[in-house]
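Trainee: Structure of the sequence below:
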Amino acid sequence: MAALTAPLHGPLSLIERLEIAALRNASVTFVMAPGGPQQVSYAELHNDAKAMAASFFARGVRPGQHIAILGPTTRQLVTAIQATWLTGACAVVLPLPMRLGSIEEFVEATRVRIAHSESVLVVVDADLAAFVDVQPGDPPLLSFADMVPGKPWFADASSWVKPVIDSSSLAILQFTSGSTADPKGVMLPHAQVCHNVDAIAAGAHLDPDVDVLVSWLPLYHDMGLIGLLTLPMTTGTNLVLGAPQDFIAAPARWMQWISDYRGTATAGPNFAYALAARAMGRMEGIDLSSWRLGLNGAEPVDPSAVEAFIAAGARHGLRADSVFPAFGMAETCVAVAFPEPGSGLQFDVIDKQVLETNSYAAPVDVDAPHARRLAKLGRAVQGLELRIVDPSNGVVMAEREVGELQVRGTSVTSGYFRRPDATAHTFDGDWLKTGDLAYLVDEQLVVCGRIKDIIIVGGRNVFPEDVERVVARIDGIRAGNVIAFGTENAKGRESIVVVAETRVDADLLMVRGEVTRRVRESIGFAPDEVILVLAGTLPKTSSGKLQRSQCRTQFLGEALSLVGKN
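Mentor: Numbering: from 1, shown residues only. Model (predicted):
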C-alpha cells in the first residue's frame, strides 16, 4: 500500500473527514480504561458522537458557537471533542491541573478561559464538575454522565442532523500558554486544521492501512489534540491512547504500549524521551522494532538526550533512524517543519561564541573549542513557508544568519479570538512572527531559543537552554526541572540566576557548588545566584513547559519554595 506522500485532497471540513474515517476498519484503543484496554471502532465512536451532538443540539447549541470541554483522557472526552465538531461548534478543550497544590489556580484559570472563549456550554467529567465555579450568568454545565441511556439529556444518534458549515468556521480555539489573566485563544478554522493534518500525513509518510499511532499526550495541547488525535480520527488510522498521568506515573508504559500494539509512530517532548531512556534500562522483553517514527517536539531538542534514548532502545530493537526532531506551534495548528522520515537525528555543529556575539551560526568540527550541537528540524511542511528576518527591521537574513523565524501558509491561524491587538502584534502582513530565534542551513530549520528569554551578559547573547541542560545533568538536580533567566543586578548589569529543583535530603552546599562550576565551564562565567527549590514547585504551563518569566517574577518577589527553608 502506498504511503500518503502527497496531499490527501480531502474536504476542508472535519465533519466530512470524520464520516469517511468511520467507514474504515480501524479503531482507537483506550489502553488504561477501567477494567482493561477498551478497543472502540471509529464507526462506533462516530455513532456515539452523533448521539452526543444531538444532545448538544437539544441544549440549544448551534453551528458557530463554542463548547468548553473538561476531562481526563477517556472515551467520553474523545467522543465530546468529535461531537462538538458534528454540532458545527468550536471545541475549547480545557487544561487539567498540573499539580494538586494548584487547584485554586486551576479553578480560576478554568473560569477565565470559559469566559474568554465565550462558550455557550461546558461539558465536564463528573469527577471534575466540582472544580468548575459556576456563577449566575455562566453557561450551563453538562456532565458526560448526563448523556447516557436513561438520563434526561441522552439523545439517539438517529436524531442527529448534519450541520451546514463553512470551511472558515472555527474548529478549535487553542489557548496558548502564559498568563491566565490575559489568555490568548488561537483561532483554528476547519480549513487550517485540515491543511495541517494533510501536511502531517504527507510529511510523516502516514499509511492508514499500516500505521499504528501511540500517544499519551494531553488532548488540551496542540500536539496531542491535532497531531495524535485529530490526525488518526480523521484518516482512519489505528490509535492507542493513554493519558499524561499514565506516562508520568510510569514512563515504561509508553514503551510497553509500542511493543504490545506494534506501534509505528508516536510523539513527545524531549524530557519524555529522557525519562523513557531511563525506564528502558530496567525493562526486559519488549520489542520496539515496529517503531519507525518518534517525533520529538514541543520543547528544545537536546542531542545528548536523544542519543541516550537511542542507545537505551537499541537492545530492544529501536532503530536510530526512527528519531524525528521537528518543530511546531499552536498558531499553525501544530506542524511547522519536519525532517525526512528515516533520516534520524541530524545536528549542526556551530561555534557557540560566534553565535552569542555575532548572531551567526559558524560551522566548526564537533571537537572544536566552543562547539555547540543544535538539532536540525527539517523543512517547512507542505503548505507553509519559512523565512528568517532581523527582528529590529524585518530584513530577510541569509543562510546561517540568526534572526526571528516567521511562517506563512495554509495552516496559519486566522488570529487570536477577540484580541485584535495581539493579532496585529503577531503578524507582519501575512507572516506569523513566532518569537523564536533561528536560522536556516540547507533549507533546514535550526532553532536557537526564544527572543524574550535571551540573557545578555558582557555583550553576549546567552541562551538559557545551554545553562539549563548543563545543570540538569548534575546529580541531585531533577532533570527537566531547571530554569535560567537574567535579572538586573545592583550595578545595573544583567546577571544570571539558576533555579533548580532538588531533593530535601540533598547536600545543598555541594549541589550549589557543582552548579556554579558546571555553568562557569560551559559559558565562561558563573551564575550570580543558584536557588534550589522543592520538587514540583517550578512554575509550568498547562502542557508542562517551564515558565521562565513566571519563575523570574517569583524570584524577585521572594515567592520561590526554597529547599531547607522552615
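Trainee: For the stretch 351-500 of the chain, which residues score under the pLDDT cut-off?
Mentor: 490-492 (pLDDT under 70).
Trainee: Repeat that for the stretch 1-150 of the chain.
Mentor: In the stretch 1-150 of the chain, residues with pLDDT under 70: 1-10, 98-102.
Trainee: List the residues that contact T79.
Mentor: Contacts for T79 (Cβ atoms under 8 Å, 6 or more residues apart in numbering) come out as 45, 48-49, 52. Just so you know, the C-beta spots here come from the backbone N, C-alpha and C atoms, and that holds for glycine as well.
Trainee: Just the helices from the stretch 401-550 of the chain, written as ranges.
Mentor: Counting by DSSP state H, counting those that start in this stretch, the segments of the stretch 401-550 of the chain that form helices are 420-426, 464-472, 508-523, 548-556.
Trainee: what's the third one packed up against?
Mentor: The one in question is helix 508-523. In terms of contacts (3 or more Cβ pairs under 8 Å, 6 or more residues apart in numbering; DSSP states H and E), helix 508-523 is packed against helix 464-472, strand 494-502, strand 529-534.
Trainee: May I have the strands that pair with the second one, each with its orientation?
Mentor: This means strand 494-502. The strands beside strand 494-502 in its sheet (DSSP bridges) come out as strand 477-488 (antiparallel), strand 529-534 (parallel).
Trainee: right, and those strands - which one's nearest R319?
Mentor: Nearest to R319, of all the strands paired with strand 494-502, is strand 477-488, at 24.8 Å by Cβ to Cβ.
Trainee: from the chain's centre, how far out does that closest one sit?
Mentor: Computed by Cα atoms, centre = their mean, to the nearest Å, the separation of strand 477-488 from the middle of its chain amounts to 20 Å.
Trainee: ditto for stretch 204-223
Mentor: 13 Å.
Trainee: list the buried ones in that stretch?
Mentor: Using 16 or more other Cβ atoms under 10 Å as the test for burial, stretch 204-223 gives 204-208, 211-223.
Trainee: So what would you say the end-to-end distance of that stretch is?
Mentor: Using Cα to Cα, to the nearest Å, the end-to-end distance of stretch 204-223 comes out at 14 Å.
Trainee: what's the following helix or strand after the helix or strand V107 falls within?
Mentor: Taking DSSP states H and E as the definition, V107 sits inside helix 103-117. The helix or strand immediately downstream of helix 103-117 is strand 121-124, counting by DSSP H and E.
Trainee: other SSEs contacting that next one?
Mentor: So strand 121-124, by 3+ Cβ pairs under 8 Å, 6+ apart, packs with strand 66-70, strand 141-143.
Trainee: Would you tell me which one of the ones you listed is buried the most?
Mentor: Most buried of these, by mean neighbour count (mean count of other Cβ atoms under 10 Å): strand 66-70, with a mean of 24.
Trainee: distance between that one and the chain's centre?
Mentor: Counting by Cα atoms, centre = their mean, strand 66-70 comes out at 19 Å from the chain centroid.
Trainee: Kindly report the same for stretch 144-154.
Mentor: Mean-position distance between stretch 144-154 and its chain equals 33 Å (Cα atoms, centre = their mean).
Trainee: ok, back up a step: the helix holding V107: how far from the chain's middle?
Mentor: Mean-position distance between helix 103-117 and its chain equals 20 Å (Cα atoms, centre = their mean).
Trainee: Pull it out as PDB, backbone CA atoms only.
Mentor: The C-alpha coordinates for helix 103-117 follow below in PDB (Å, rounded to 0.1, in the frame of the first residue of the first chain):
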ATOM      1  CA  ILE A 103      -6.200  23.600  42.500                       C
ATOM      2  CA  GLU A 104      -7.200  27.200  43.300                       C
ATOM      3  CA  GLU A 105      -5.200  28.500  40.300                       C
ATOM      4  CA  PHE A 106      -6.800  25.700  38.200                       C
ATOM      5  CA  VAL A 107     -10.300  26.800  39.200                       C
ATOM      6  CA  GLU A 108      -9.600  30.400  38.400                       C
ATOM      7  CA  ALA A 109      -7.800  29.700  35.100                       C
ATOM      8  CA  THR A 110     -10.700  27.400  34.000                       C
ATOM      9  CA  ARG A 111     -13.200  30.100  34.800                       C
ATOM     10  CA  VAL A 112     -11.200  32.700  32.900                       C
ATOM     11  CA  ARG A 113     -10.800  30.500  29.800                       C
ATOM     12  CA  ILE A 114     -14.500  29.700  29.700                       C
ATOM     13  CA  ALA A 115     -15.400  33.400  29.900                       C
ATOM     14  CA  HIS A 116     -12.800  34.400  27.300                       C
ATOM     15  CA  SER A 117     -13.800  31.700  24.900                       C
END
